[in-house]
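Visitor: Provided below are the primary sequence and the corresponding predicted coordinates.
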Amino acid sequence: MTGARLIVGPFNRVEGDLEVHLDVEDGRVRAARVNAPLYRGFERMLLGRPASDALTLTPRICGICSISQSAAAARALAAAGGHTPAPQGAAMAALIHAVENVSDHLFHFNLFFMPDFARPAYADRPWHPRAVERFTSGAGTAQRAAIEARAALLHILGTLAGKWPHTLAIQPGGVTRAPGPRDKVRIMATLTAFRRYLEGTLFGAPLEAFAALETRAALMRWAQGDAGLFLEIAADLDLDALGRGAGRYLSFGAYPLADGYGFAPGIWRAGGLSPLDLGGMVEDVSHAWMLGGAAHPAAGKTLPDDEMRETAYSWCKAPRLGGLGYETGALARQVVAGHPLARDLAGGGVLARVAGRLLDLARTQILMEDLVRALDPGAAFMDPAPEIRDGAGAGLVEAARGALGHWLRVESGRIAAYQIVAPTTWNFSPRDASGAPGPLEAALEGAPVAPGEDTPLSVQHIVRSFDPCMVCTVH
Amino acid sequence: MNVLWLQAAGCGGCTMSLLCAESPSLPDLMVGAGLRFLWHPSLSVETGAEAGALLDRAAEGEIPLDILCVEGAVARGPNGTGRYQMLSGTGRSMLDWVDRLAHRAEHVVAVGSCAAFGGVTSAGGNPSDAAGLQFEGAHPGGILAADFRGRGGLPVINVAGCPTHPDWVGETLMLLAAGALGPADLDDFARPRFYAEHLVHHGCPRNEFYEYKASATTLCEMGCMMEHLGCVGTQAVGDCNIRPWNGQGSCTRAGYPCISCTAPEFEEPRHAFTATPKVAGIPVGLPADMPKAWFMALASLSKAATPERLSRNAVSDRVEVLPGPRKPRT
């Protein structure tokens, strides 16, 4: 079979706009280029505005990671002003953020990722009838259950954050609404109902049992719930081998609380953990339709190349740390946080990323319940932050999809610089000046392409296993 | 009826909000109203070539198109080419796709303030030169001309909001499916009247504070947020406090101001979103349909008459002073 070039798009069941270019040779992807084909320019919109406007505008970068953007903006503003939020306010901000992350994981699994296994191309597989029944787009029984469970879970955000998406509830000093005793029991009731859904449907067993898995072998024996169906499919199609990563993971640390993180920050490389140090981070623009050179985000600019020069192919910049690309997301978060199952899955492909997400979902539900148990309805939930005249700071958070950073500089009360690096900016970055591909581009190399396929299924599985959020990427 | 949904230059949050629909959920609502998605970027199975072929057939008129929903503003830049958003895999700009499909559609629905007016995508100098479908900010005429009408005779229906309430979109679709939405059911910005004839102020639990001008001074206090914190709920259309969001929520219930996200140009308030601009200590932008002098007179009277319960609770994060019990009859 001779070489062929494929352009895959519109690439749906990812959040936002994505186009993937593939060079195919001998039935395998030889090289991939990932294009984010939308530019909106949020970083430029923010320049010259009052600093607090970041809290209104940056959540609207993304309708699925809206709270993550809120949390990053609030933390960047707090850092710039040298302010610390009220401890219970920080705990409620963490709860609000966790609800969004859990909702996103649930949707990714049920609505974005699993429907591909209901395709007729898999009609000869023993599990196919169950995949069709559970995950057919718009009609699958698992999909319907997930939509209803998520809508009910998001009642917590109605109560604490007014609405979802796009809330102003998370502020540098805490949260804007003090929950009372009634809210506490109501929120716990909602979480209890959500746990019943997770244990009855998605995991088919207690969450603690899934969270206690320590090895890939133990994971592959898990047969209950829709997670079990996924693992059966993963074993049959060898999804562990498909789209393997480089084993380099980045986490900014999730759910910062007065006594530490819910899931700790750090960098995982060559099988070892090191502390999070972003001193050697740059955003490379050699293959992005952006002008200006590579820069650390604290000094970065967003200057679109309206000519869309031939040597570039994406509106996405290429973040690198110490010259290397890093994968970020639920798997990375759990690898860095030290979970034995995640560590055993490190370096893996589609299976590792999706199982990492299920693990993160189970552990985050347990964390949310702990947060609500510790909720003190008599506490202060806001320590108002003074207005910032001049300052600079970074807000680093863990979105559902991984490490999200805002870098902000305020001069005379106005935003003088604002740079945002989203999880998918890391994962779906284009090549850098050395020609090294981004994590997805690298993961796609070697993916099998069946004769006649114009939108290869293997490529769809790999792309969706990252749970990309392109609208965050192309802020 | 079929529904084709495109995501232009926006955040996708209106789809995420729509999926919060309850009693019934979105899938049940669609089935119940006889609606089905021809294609939706978040929900449909078709990807790549199969999706591209579907869109081509709709644009060529081979598949009759009942309702075209567009979420997100439409980027016209750079230099009018629309290349800031290419619909991936098609080699064509979203600008081109929206224009072609709109002229095939029986009804065109702009979902969210970006699609309706440009919204947040057009904020801050409008880097991508984005516009709404039939409005550019408050000015008629966007990507489509001011006199554009869908084949069914209606202008682009602007289900504005940032995000939109799931029921605003769901009820608009159900009314269209029932043939029960006419030109008279839309306001001057072509927003469905069923939610645009209310103000966010209606049903706001802070109304009693508003009556006495008992104001919150910082976010997290219970008082009215109009005087100091930028709340424009008295001028903003929406039934947000009549039918709450995500169970029991609304912006003002959660302790932060209404920023009138259903209105054109809300993204450029010309002041910080959470601060009320004042001239000589008096807030500008008082209720639009009330004589200013009357408002000032009533405000100073009611301020003078504010019960201590309200003046103290207004600057507290929870109720400090309870409503006084009625004295027992002797």
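Guide: Great, that's in hand.
Visitor: quick one: strands adjacent to the lowest-mean-pLDDT helix or strand in chain B?
Guide: Within chain B, no helix or strand scores below strand B:282-283, which has a mean of 81 by mean pLDDT, DSSP states H and E. Strand B:282-283 has these partner strands in its sheet, going by DSSP bridges: strand B:278-279 (antiparallel).
Visitor: so which strand or helix has residue A:397?
Guide: Using DSSP states H and E, residue A:397 sits in strand A:391-399.
Visitor: where along the stretch 1-150 of chain A do the strands fall?
Guide: Ranges of strands in the stretch 1-150 of chain A, per DSSP state E, counting those that start in this stretch, are A:4-8, A:19-25, A:28-35.
Visitor: what sits against the nearest residue to residue A:67 once chain neighbours are set aside?
Guide: Distances taken as C-beta to C-beta, 6 or more residues apart in numbering or on different chains place residue A:100 nearest to residue A:67, at 4.0 Å, with adjacent residues excluded. In this view, the C-beta of every residue, glycine as well, is placed from N, C-alpha and C. By C-beta atoms under 8 Å, 6 or more residues apart in numbering or on different chains, residue A:100 lies in contact with A:65, A:66, A:67, A:68, A:157, A:164, A:165, A:400.
Visitor: okay, and which of the residues you listed map to helices?
Guide: Among the contacts of residue A:100, DSSP state H puts A:66, A:67, A:68, A:157 in helices.
Visitor: in those residues, find the pair that's most separated.
Guide: A:68 and A:157 (13.0 Å; C-beta to C-beta).
Visitor: now the contacts of residue A:100: which count as buried?
Guide: Buried subset of the contacts of residue A:100 (neighbour count, 16 or more other C-beta atoms under 10 Å in any protein chain shown): A:65, A:66, A:67, A:68, A:157, A:164, A:165, A:400.
Visitor: surely the last one is in contact with residue A:67?
Guide: Read it as residue A:400. No: judged on C-beta atoms under 8 Å, residue A:400 makes no contact with residue A:67 at a distance of 9.6 Å.
Visitor: and the nearest residue to residue A:31 once chain neighbours are set aside, what does it touch?
Guide: Spatially, and ignoring its direct neighbours in sequence, residue A:31 is nearest to residue A:23 (4.5 Å; C-beta to C-beta, 6+ apart). Applying C-beta under 8 Å, 6+ apart to residue A:23 gives the contacts A:3, A:4, A:5, A:29, A:30, A:31, A:32.
Visitor: quick check: bridge partners of residue A:273?
Guide: Beta-bridge partners of residue A:273, as defined by DSSP bridges: residue A:268.
Visitor: let me know how buried residue 312 is, in neighbour terms.
Guide: Just so you know, I chose chain A. The local packing of residue A:312 (other C-beta atoms under 10 Å in any protein chain shown) involves 18 other residues.
Visitor: nope, chain B please
Guide: Counted with other C-beta under 10 Å, residue B:312 comes out at 16.
Visitor: who's residue B:2 bridged to?
Guide: The partner residues for residue B:2, given DSSP bridges, come to residue B:36.
Visitor: er, residue A:33 I mean
Guide: residue A:21.
Visitor: now residue A:251
Guide: Judged by DSSP bridges, the bridge partners of residue A:251 are residue A:266.
Visitor: how near is it to residue A:401?
Guide: 12 Å (C-beta to C-beta, to the nearest Å).
Visitor: what residues are shared contacts of the two?
Guide: residue A:328.
Visitor: neighbour count for these two, which is higher?
Guide: For residue A:251 versus residue A:401, neighbours defined as other C-beta under 10 Å are more numerous around residue A:401 (32 against 28).
Visitor: near chain B, anything from the lengthiest helix in chain A?
Guide: For chain A, the helix with the greatest residue count under DSSP H is helix A:350-373. No: judged by C-beta under 8 Å from any C-beta of the partner chain, helix A:350-373 makes no contact with chain B; its nearest approach is 15.8 Å.
Visitor: quick one, that helix and strand A:391-399 angle?
Guide: On the basis of axes from the mean of the first three to the mean of the last three C-alpha atoms, to 10 degrees, helix A:350-373 is oriented at 110 degrees to strand A:391-399.
Visitor: and helix A:350-373, what's buried?
Guide: The neighbour-count criterion (16+ other C-beta under 10 Å) identifies A:350-365, A:367-369, A:371-372 as the buried residues of helix A:350-373.
Visitor: how about the residues of the stretch 251-400 of chain A by chain B?
Guide: Within the stretch 251-400 of chain A, the positions near chain B by C-beta under 8 Å from any C-beta are A:304, A:306, A:308, A:380, A:381, A:382, A:384.
Visitor: confirm for me that residue A:224 is in contact with residue A:202.
Guide: No: look at residue A:224 against residue A:202 with C-beta under 8 Å: they stay out of range, at 9.5 Å.
Visitor: many thanks, I have nothing further to ask.
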